[in-house]
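Novice: Give me a 3D structure for the following:
(one chain, ligands or ions: 4)
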Amino acid sequence: MTTHPDTVLIIDFGSQVTQLIARRVREAGVYCEIVPFQSAAEGFRRIRPKAVILSGSPHSTVDIGSPRAPDEVFSSGIPVLGICYGEQTMCAQLGGKVEAGHHREFGRAFLEIDDDCELFDGIWAKGTRHQVWMSHGDRVTAIPAGFKIVGTSTGAPFAAIADEARKFYAVQFHPEVVHTPDGAKLLSNFVHRIAGLSRGWTMAAYREQAVEAIRKQVGKGKVICALSGGVDSSVAALLIHEAVGDQLTCILVDHGLMRKDEAQSVVAMFRQHYNLPLILVDASDRFISALEGEADPEKKRKTIGRLFIEVFEEEAKKLGGADFLAQGTLYPDVIESVSFSGGPSVTIKSHHNVGGLPERMNMKLVEPLRELFKDEVRALGKELGLPESFIGRHPFPGPGLAIRCPGGITREKLEILREADAIYLDEIRKAGLYDAIWQAFAVLLPVQTVGVMGDGRTYEFVCALRAVTSVDGMTADFYHYDMAFLGAAATRIINEVKGINRVVYDVTSKPPGTIEWE
Ligand SMILES: Nc1ncnc2c1ncn2[C@@H]1O[C@H](COP(=O)(O)OP(=O)(O)OP(=O)(O)O)[C@@H](O)[C@H]1O
Ligand SMILES: O=c1[nH]c(=O)c2[nH+]cn([C@@H]3O[C@H](COP(=O)(O)O)[C@@H](O)[C@H]3O)c2[nH]1
Ligand SMILES: NC(=O)CC[C@H](N)C(=O)O
Ligand SMILES: [Mg+2]
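Specialist: Residues are numbered from 1 along each chain as shown. Ligands and ions are numbered 1, 2, ... in the order given. The predicted model follows:
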């Protein structure tokens with residue numbers, strides 16, 4: 001991992017919105033990292049941050065054994081901002097007092113500004129009142145020596161406090177959420193005005209650092225990159241290519257489960273714009289033969305995962321071996337895998353990824369995007385000249401059309417689905433809706449219904465259309481189309497695709513549904 005001179009350390013006590021703190025700090029042009037409180041002391045020494053932010057938490061500081069910030073956070077002379085639980089633990093640790101569960105405040109609250117404070121510069125003047133978002137049951141009842149009150153709310157007499165000499169600040173509300181309208185500016189004030197950090201975190205700067213880091217890691221080694229044409233793997237490939245040129249070979253597997261003309265258009269784009277070694281492996285027969293008749297969603301996923309590994313092993317061998325495998329792992333994946341609140345959770349779906357590869361193939365991982373959020377990856381893609389049509393793409397799952405064809409898979413069904421999906425997306429693009437939708441696709445149901453076309457009886461498949469809005473794919477709502485749009489798309493699909501005589505629209509959100517049908 002690269003090191004950044006001006007880093008803010010965010011200590012995660014298990015808040016639902018810790019990632020938002022990181023988003024806001026990065027938007028202010030400052031690099032930051034999140035570490036769970038259990039490894040905060042180690043993280044503090046490794047990262048040597050210029051400022052620290054303490055997150056909220058489901059815990060209560062009055063409980064025995066509840067988490068604390070490492071002492072060096074307060075003794076090393078750098079600015080500290082506590083948010084909610086962060087304020088409470090700051091007070092508990094520095095000589096103040098916290099009481100449990102009297103004045104619960106959840107949701108909208110109003111903050112009275114009692115005093116000027118650098119946190120409020122340019123946003124909130126003394127004597128004014130502003131909307132903030134609260135979510136707490138405990139409250140601070142005495143502040144440590146050296147602190148003064150700068151803001152109050154009905155439920156929190158110490159809603160904002162400051163020790164300007166030591167540059168310690170704390171707020172009971174959550175500046176990181178959009179329901180605190182000026183919160184982003186408050187966080188920007190903390191990192192710029194108070195901590196004095198510069199706006200060094202730009203994708204142009206990142207590009208340079210990342211290229212250097214890749215060169216250092218890879219040396220003269222050979223790298224292979226599984227390239228799907230999705231944003232993540234495309235950006236990872238371009239960055240690595242910039243760093244080590246022909247030491248990189250990209251492998252695109254056409255598993256016969258891609259969208260219409262997808263494999264060819266990805267190859268054409270890369271060949272046209274970039275001079276990067278790219279092998280297209282046509283493994284469609286192999287994948288589809290293995291999947292034919294398979295109806296179980298998990299078996300489909302596992303079969304596909306296994307075949308991906310086999311194909312990569314064979315291709316690496318043909319290249320005379322490879323030392324590194326490149327992946328488009330993003331920061332949210334990294335956080336999730338070490339998340340404090342993660343715990344053992346049930347497997348909803350076995351997401352295929354190539355993560356099983358390196359061990360079996362004896363390769364080391366190159367993950368140049370593991371510090372970035374998806375929108376930063378898109379910005380980096382822009383920086384690297386990736387065409388707009390690739391940057392704004394909807395995500396597409398590794399197992400492809402196989403998980404959009406519930407019931408037994410057949411070549412014929414995949415063909416029908418591919419056609420319907422292409423028409424649906426074409427209609428979405430023509431209506432100018434592509435960018436407003438997070439992800440859209442067609443599903444071919446294993447159900448035949450009776451219809452009448454040209455005065456004749458038809459008995460054909462039902463096609464379901466799906467479109468969702470989302471931020472990160474973790475939760476989603478169905479997209480609220482205009483009925484006229486749906487009617488037009490349905491008519492085109494039924495008229496143009498032989499094998500479909502009925503179209504329905506999926507109005508399920510996530511949860512309780514998932515985005516994909518399998
Ligand atoms: N057909 C494919 N050929 C080669 N590698 C693939 C293929 N499909 C998926 N992969 C690999 O699996 C990884 C995970 O897929 P995933 O869909 O999460 O990411 P992506 O395709 O790069 O981006 P996006 O999330 O925008 O679709 C990809 O980054 C890529 O390395
Ligand atoms: O690379 C992938 N491999 C997979 O196995 C996989 N399964 C789901 N998805 C994508 O993940 C997001 C959330 O999907 P679900 O709500 O269906 O779990 C959506 O964007 C899905 O398209 C996958 N991506
Ligand atoms: N959001 C929070 O950080 C809440 C802190 C603590 N659990 C409380 O209820 O007061
Ligand atoms: Mg993809």
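
Novice: Residue numbers of the stretch 351-500 of the chain in contact with ligand 4?
Specialist: Applying C-beta under 5 Å from the ion, we find that the stretch 351-500 of the chain lies next to ligand 4 at residue 396. Placement of C-beta: from N, CA and C, glycine included.

Novice: Next up, phi/psi of residue 517, please.
Specialist: Here is the backbone geometry of residue 517 (degrees, to the nearest 10): phi -80, psi -20.

Novice: what's the neighbour count on the closest residue to ligand 4 within the chain?
Specialist: Going by C-beta to the ion, ligand 4 is nearest to residue 230 of the chain, at 3.2 Å. Number of residues near residue 230 (other C-beta atoms under 10 Å) recorded here: 18.

Novice: so what's it closest to, chain neighbours aside?
Specialist: Of all residues not flanking residue 230 in the chain, residue 396 sits nearest, at 5.9 Å (C-beta to C-beta, 6 or more residues apart in numbering).

Novice: so who does the one you found touch?
Specialist: Residue 396 sits next to 228, 229, 230, 259, 262 when contact means C-beta atoms under 8 Å, 6 or more residues apart in numbering.

Novice: distance of the closest residue to the fourth one other than its chain neighbours from residue 502?
Specialist: Excluding its sequence neighbours, the residue lying closest to residue 259 (C-beta to C-beta, 6+ apart) is residue 421, at 6.1 Å. Relative to residue 502, residue 421 is positioned 16 Å away (C-beta to C-beta, to the nearest Å).

Novice: Can you name every helix or strand that the helix or strand hosting residue 22 contacts?
Specialist: Taking DSSP states H and E as the definition, residue 22 sits inside helix 18-27. Judged by 3 or more C-beta pairs under 8 Å, 6 or more residues apart in numbering; DSSP states H and E, helix 18-27 is in contact with strand 7-12, strand 31-36, helix 183-189, helix 331-338.

Novice: you'd agree residue 206 is in a helix?
Specialist: Yes: judged by DSSP: H, G, I helix; E, B strand; the rest coil, residue 206 forms part of a helix.

Novice: Next up, the contacts around it.
Specialist: Neighbour list for residue 206: 371, 372, 376, 380 [criterion: C-beta under 8 Å, 6+ apart].

Novice: Could you find the closest non-adjacent residue to the last one?
Specialist: Right, the one you point to is residue 380. Leaving aside its chain neighbours, residue 380 sits nearest to residue 203 (4.5 Å; criterion: C-beta to C-beta, 6+ apart).

Novice: before we move on, the earlier item: test my guess that the residue nearest to residue 259 contacts residue 260.
Specialist: Yes: at 6.9 Å, residue 421 and residue 260 qualify as touching, with contact defined as C-beta atoms under 8 Å.

Novice: of those two, who's got more company?
Specialist: Taking other C-beta under 10 Å, residue 421 and residue 260 do not tie; residue 421 has more neighbours (23 against 18).

Novice: does the more buried one sit in a helix, a strand or a coil?
Specialist: Secondary structure for residue 421, judged by three-state DSSP, is helix.

Novice: gap between stretch 471-490 and the chain center?
Specialist: Remark: stretch 471-490 is offset 21 Å from the chain centroid, using C-alpha atoms, centre = their mean, to the nearest Å.

Novice: In a strand, residue 461, correct?
Specialist: Yes: assessed with three-state DSSP, residue 461 lies in a strand.

Novice: Could you check the pLDDT of it?
Specialist: For residue 461, the pLDDT comes out at 98.

Novice: Mind listing the residues bridging to it?
Specialist: Judged by DSSP bridges, the bridge partners of residue 461 are residue 448, residue 500.

Novice: ok, it to residue 442 distance?
Specialist: Per C-beta to C-beta, residue 461 is found 11 Å from residue 442.

Novice: go on, residue 47?
Specialist: Per C-beta to C-beta, residue 47 is found 46 Å from residue 442.

Novice: and this protein, which residues reach ligand 1?
Specialist: 226-228, 230-233, 251-253, 255, 327-328, 353-354, 395-398 (C-beta under 6 Å from any ligand atom).

Novice: Now with 5 Å, please.
Specialist: 226, 228, 230-233, 252-253, 328, 353, 395-396, 398 (C-beta under 5 Å from any ligand atom).

Novice: of those residues, closest to ligand 3?
Specialist: Using C-beta to the nearest ligand atom, residue 395 comes nearest to ligand 3 of the residues of the chain next to ligand 1, at 30.6 Å.

Novice: Just the buried positions in stretch 310-322, please.
Specialist: Neighbour counts over stretch 310-322 (16 or more other C-beta atoms under 10 Å) mark 311, 312, 315, 316, 322 as buried.

Novice: again but with stretch 53-71, I slipped
Specialist: For stretch 53-71, the neighbour count (16+ other C-beta under 10 Å) marks 53-57, 59-61, 66-70 as buried.

Novice: what's the answer for stretch 279-299, then?
Specialist: By 16+ other C-beta under 10 Å, the buried positions in stretch 279-299 come out as 280, 281, 283, 284, 286, 287, 288, 290, 291, 294, 297.

Novice: Format these as JSON lines; extra columns: pLDDT, secondary structure and distance to residue 161.
Specialist: Converted to JSON lines, the buried residues of stretch 279-299 look like this (pLDDT from 0 to 100; DSSP: H, G, I helix; E, B strand; the rest coil; distance: C-beta to C-beta, whole Å):
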{"residue": "280", "pLDDT": "97", "secondary structure": "strand", "distance to residue 161": "60"}
{"residue": "281", "pLDDT": "97", "secondary structure": "strand", "distance to residue 161": "61"}
{"residue": "283", "pLDDT": "98", "secondary structure": "coil", "distance to residue 161": "61"}
{"residue": "284", "pLDDT": "97", "secondary structure": "helix", "distance to residue 161": "63"}
{"residue": "286", "pLDDT": "98", "secondary structure": "helix", "distance to residue 161": "64"}
{"residue": "287", "pLDDT": "98", "secondary structure": "helix", "distance to residue 161": "60"}
{"residue": "288", "pLDDT": "98", "secondary structure": "helix", "distance to residue 161": "64"}
{"residue": "290", "pLDDT": "98", "secondary structure": "helix", "distance to residue 161": "63"}
{"residue": "291", "pLDDT": "98", "secondary structure": "helix", "distance to residue 161": "61"}
{"residue": "294", "pLDDT": "97", "secondary structure": "coil", "distance to residue 161": "61"}
{"residue": "297", "pLDDT": "96", "secondary structure": "helix", "distance to residue 161": "52"}
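
Novice: What is the nearest of those to residue 25?
Specialist: Lowest distance from residue 25 to the buried residues of stretch 279-299 (C-beta to C-beta) belongs to residue 297, with 39.0 Å.

Novice: right, and that closest one touches residue 518 too?
Specialist: Yes: counting by C-beta under 8 Å, residue 297 does reach residue 518; the two are 3.7 Å apart.
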